[in-house]
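Peer 1: Here is my input, please return the structure:
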Amino acid sequence: MAYLDHAATTPMLPEAVRAMTAQLAVTGNASSLHAAGRRARRTVEESRESLAACLGARPSEMVFTAGGTESDNLAVKGLYWARRAADPARTRVLASPVEHHAVLDAVDWLAEHEGARVEYLPVDAYGRVHPDALRAAIERDPADVALATVMWANNEIGTIMPVRELADVAREFDIPLHADAVQAFGQVDVDFAASGLAAMTVSGHKIGGPYGIGALLLGRQYAPVPLLHGGGQERHVRSGTLDTPAITAFAVAARHAAEHRATFAREVGALRDELITAVRAAVPDAILGGDPDPAGRLPANAHFSFPGCEGDSLLLLLDAQGIECSTGSACTAGVAQPSHVVLATGTDRELARGTLRFSLGHTSTGADVAAVAAAIGPVVERARSAGLS
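Peer 2: Below you'll find the predicted structure:
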């Protein structure tokens, strides 16, 4: 099998598996005061310190969650509620239209249930939000903006956002900016302190850690209203028993991702470039999605639109030949709608239906690229023939 869907999830690293397995045999609730609890607490706090160091953050800024979706919801809803409570006039939420649904659905929920007025920021043909666009949106009425949210790098087309510049604009108007950095961590230099962000989302299973663990990096001056109430763990922001085995494995995977990021970007980026060249050679009218400049996109991402094809048909035909990829976000797989990300870039609906995302990772090889190179031409031809019949 050629697995090219690492953006959906990537295989756990052996060292993360070993770390998690070892902790599964250890008893202790990190909130308990006895010896077993203290041992668990020490493990959690050592992991917190390690993760914070990998992300350019203070340990006190790390709030553990059950993953990227919870972190996004906590940031968007929690910051909105906190800002509105302090100033009822702050009901406007600024968001990019290319966000993951964990953000888009959260802001839409706020609009439907909590009186939020959602404004989607314009993006260019590569799906990028520019600082001037954020500034223009804020300046229309800075006093009514509750928060802004723009992802660090897009999960479908791979475009990297100018996060530092966007954060500079938001900070100028005292508006918290949140970024979903789930795809960015491990592929580009992610430094929370240097970014100027108020909040940032990361997830374990995208970097070789386990499912069901993530974190919201949260500036100490921000206190979002909790989604969950209970024991008051994690700064009273996220209650719930801490998952010591998953946190330990997350920290191990994060350390590996940080230490090997430059090598990963160079080696996987080279494979990505080979894949792009191969697809274009086999299907000359294939259209590369996202920023064509390798410096402006994630090194592991290659996204294409194939005129005259249905993405699901392409995916299933490739799958039958042992090549696993996606039409976009795994969270919306099987939904018979063109990608909201691709549509936001100005692509017409018919072309947006014929997309594939190839995402590489730490297990990707030249053989995977060769498999795509051999299969993609005949697969596209067959999909087009089926569409005409």
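Peer 1: my read: residue 236 touches residue 226, true?
Peer 2: Yes. Taking Cβ atoms under 8 Å as the definition, residue 236 is a contact partner of residue 226 at 6.9 Å. Glycine gets a C-beta too; all of them are placed from N, C-alpha and C.
Peer 1: neighbour-wise, which of these two wins?
Peer 2: Set residue 236 next to residue 226 and count neighbours by other Cβ atoms under 10 Å: residue 226 wins out with 18 against 12.
Peer 1: That one and residue 206, how far apart?
Peer 2: 25 Å (Cβ to Cβ, to the nearest Å).
Peer 1: Which elements pack onto the one helix or strand residue 93 maps to?
Peer 2: Assigned by DSSP states H and E, residue 93 belongs to strand 92-95. Contact here means 3 or more Cβ pairs under 8 Å, 6 or more residues apart in numbering; DSSP states H and E; on that basis strand 92-95 packs against helix 101-113, strand 117-120, helix 131-139, strand 145-149.
Peer 1: in its sheet, what does it sit against?
Peer 2: Strand 92-95 sits in its sheet next to strand 117-120 (parallel), strand 145-149 (parallel), going by DSSP bridges.
Peer 1: For the stretch 201-350 of the chain, just list every one of the helices.
Peer 2: In the stretch 201-350 of the chain, the helices defined using DSSP state H, counting those that start in this stretch lie at 244-259, 261-282, 311-320, 340-344, 349-352.
Peer 1: Throw those into CSV and include distance to residue 232, thanks.
Peer 2: Output for the helices of the stretch 201-350 of the chain, formatted as CSV (distance: least, Cβ to Cβ, whole Å):
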stretch, distance to residue 232
helix 244-259, 18
helix 261-282, 35
helix 311-320, 45
helix 340-344, 37
helix 349-352, 45
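Peer 1: Let me know which of those helices is tucked in deepest.
Peer 2: Stretch with highest mean neighbour count among these: helix 244-259 (a mean of 24; mean count of other Cβ atoms under 10 Å).
Peer 1: Give me the residues contacting it.
Peer 2: 12-13, 15-17, 19-24, 26, 28, 30, 40, 43-44, 46-48, 50-51, 53-55, 64, 185-186, 202, 204, 207-210, 212-215, 264 (Cβ atoms under 8 Å, 6 or more residues apart in numbering).
Peer 1: Mind giving me the ChimeraX command for buried ones among the residues you listed?
Peer 2: Under the burial definition 16 or more other Cβ atoms under 10 Å, those of the contacts of helix 244-259 that qualify are selected in ChimeraX by:
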select :12,13,16,17,19,20,23,28,30,40,43,44,47,48,50,51,54,55,64,185,186,202,204,207,208,209,210,213,214,215,264
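Peer 1: Which of the contacts of helix 244-259 fall within strands?
Peer 2: Among those, the ones falling in strands (DSSP state E) are 64, 202, 214, 215.
Peer 1: just those residues now: which is nearest residue 292?
Peer 2: Comparing the ones in strands among the contacts of helix 244-259 against residue 292 with Cβ to Cβ places residue 202 closest, at 27.2 Å.
Peer 1: Identify the residues contacting the closest one.
Peer 2: Counting by Cβ under 8 Å, 6+ apart, residue 202 makes contact with 55, 68, 71, 181, 182, 185, 190, 214, 215, 217, 254.
Peer 1: How about the fourth one: what's its closest non-neighbour residue?
Peer 2: The spatially closest residue to residue 181, leaving aside those adjacent along the chain, is residue 152, at 4.0 Å (Cβ to Cβ, 6 or more residues apart in numbering).
Peer 1: Dihedrals phi and psi, the one you found?
Peer 2: Residue 152 has phi and psi values of phi -70, psi -40 when expressed as degrees, to the nearest 10.
Peer 1: burial count for the nearest residue to residue 135 once chain neighbours are set aside?
Peer 2: Distances taken as Cβ to Cβ, 6+ apart place residue 169 nearest to residue 135, at 5.0 Å, with adjacent residues excluded. Other residues near residue 169 come to 23 when the count uses other Cβ under 10 Å.
Peer 1: thought residue 169 was touching residue 138?
Peer 2: Yes. At 7.0 Å, residue 169 and residue 138 qualify as touching, with contact defined as Cβ under 8 Å.
Peer 1: Mutual contacts of those two, please.
Peer 2: Shared contacts of residue 169 and residue 138 (Cβ under 8 Å, 6+ apart): none.
Peer 1: quick one, what contacts the closest residue in space to residue 323 that isn't next to it in sequence?
Peer 2: Leaving out its chain neighbours, the residue that sits closest to residue 323 by Cβ to Cβ, 6+ apart is residue 2, at 4.7 Å. Neighbouring residues of residue 2 by Cβ under 8 Å, 6+ apart: 322, 323, 324, 367, 368, 371, 372.
Peer 1: The closest residue to the first one other than its chain neighbours: how many residues sit nearby?
Peer 2: With Cβ to Cβ, 6+ apart as the criterion, residue 322 has its nearest non-adjacent residue at 4.9 Å, and that residue is residue 1. Residue 1 sits with 10 neighbouring residues when counted by other Cβ under 10 Å.
Peer 1: How confident is the prediction for residue 1, by pLDDT?
Peer 2: For residue 1, the pLDDT comes out at 91.
Peer 1: give me the low-pLDDT residue ranges for the stretch 251-389 of the chain?
Peer 2: The stretch 251-389 of the chain contains residues with pLDDT under 70 at 329-336, 387-389.
Peer 1: what's across from the closest residue in space to residue 351 that isn't next to it in sequence in the sheet?
Peer 2: Spatial nearest neighbour of residue 351, excluding adjacent residues (Cβ to Cβ, 6+ apart): residue 305 at 5.1 Å. On the basis of DSSP bridges, residue 305 is bridged to residue 287, residue 355.
Peer 1: my guess is residue 305 meets residue 341, correct?
Peer 2: No. With contact defined as Cβ under 8 Å, residue 305 does not reach residue 341; the gap is 11.5 Å.
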